[in-house]
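Asker: This is a predicted model, with the sequence first.
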Amino acid sequence: MMKSNMNASARGSVLGGFSFEADSLAEFSEFDSTSVVLEYQAESSRRPSESKMAPTTTIETVTITRPLKVIAFICGVIVFILMIMALASTDWLMAAGWRQGLFIHCIADDAPVPLPFNVLDPPDCYQARDVAYIRAAAALCIITLLTDIVATLLTAVGLRSKDHRTKYKYYRVAVYIMVLSLISILIALVIYPVCFAAELNE
């Protein structure tokens, strides 16, 4: 009897003076050692409770594209098509049997004589006359086409960009280039008719 009491007191000293019943550690089998039990108790005391743990938050990024930017891109594509047509057209100046563009002028078979600008060529299409205002208008239209291509591409890159700062930079540069394109075509559309009217008066 005394020997069993001594064994119990020895087990109590090994466990640090804690007394417990067998049912108090239901999750541990009878084969668990004393060191494993002590390690589990120490780890449980250091583990924060569920109320003290930081909550997790899920953040979703939604990119909103303004319709104005999409409209600007579509307008840039339309301007590109129209400028190609304008550069290839021979209908900038039309008269009876005479058609003149920025690079070519054409004489019809039934064109009345004398031809405009005292041209003596037979019916056919020829390179445009070497006149300053025609060359200037053609150069300005080419500048308009090139700047429109660059601005439209920058707008497209801005639409695809995910970074708001980068997107804003692309849009801002595209606006400046679009303004340059607009100024170029406006000057061309003013120079051509004004200089043509002055040439007729001569």
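Answerer: All right, it came through fine.

Asker: How is residue 109 assigned, secondary-structure-wise?
Answerer: Assigned with DSSP: H, G, I helix; E, B strand; the rest coil, residue 109 falls in the coil class.

Asker: In terms of pLDDT, where does it sit?
Answerer: Per-residue pLDDT puts residue 109 at 84.

Asker: List the residues that contact it.
Answerer: Residues in contact with residue 109 (CB atoms under 8 Å, 6 or more residues apart in numbering) are 97, 123. (Each C-beta comes from the backbone N, C-alpha and C, glycine too.)

Asker: Now tell me which helix or strand of the chain has the poorest mean pLDDT.
Answerer: For the chain, using mean pLDDT, DSSP states H and E, the weakest element among its helices and strands is helix 2-14, scoring a mean of 44.

Asker: What's the local residue count around residue 198?
Answerer: By the criterion of other CB atoms under 10 Å, residue 198 has 10 neighbours.

Asker: Would you indicate which residues of the lengthiest helix in the chain are buried?
Answerer: Using DSSP state H to define each element, the chain has its longest helix at helix 164-201. Within helix 164-201, the residues that qualify as buried are 167, 170-171, 173-174, 177-178, 181, 184-185, 188, 191-192, 195-196, counting by 16 or more other CB atoms under 10 Å.

Asker: swap in stretch 149-167?
Answerer: Buried residues in stretch 149-167 (16+ other CB under 10 Å): 149, 150, 151, 152, 154, 155, 156, 157, 158, 159, 161, 167.

Asker: quick check, nearest of those to residue 200?
Answerer: residue 149 (34.7 Å; CB to CB).

Asker: The closest one: what's its closest spatial neighbour, skipping adjacent residues?
Answerer: Nearest in space to residue 149, with sequence neighbours left out and distances taken as CB to CB, 6 or more residues apart in numbering, is residue 80 at 6.2 Å.

Asker: quick one, what contacts that neighbour?
Answerer: Contacts for residue 80 (CB under 8 Å, 6+ apart) come out as 145, 148, 149, 152.
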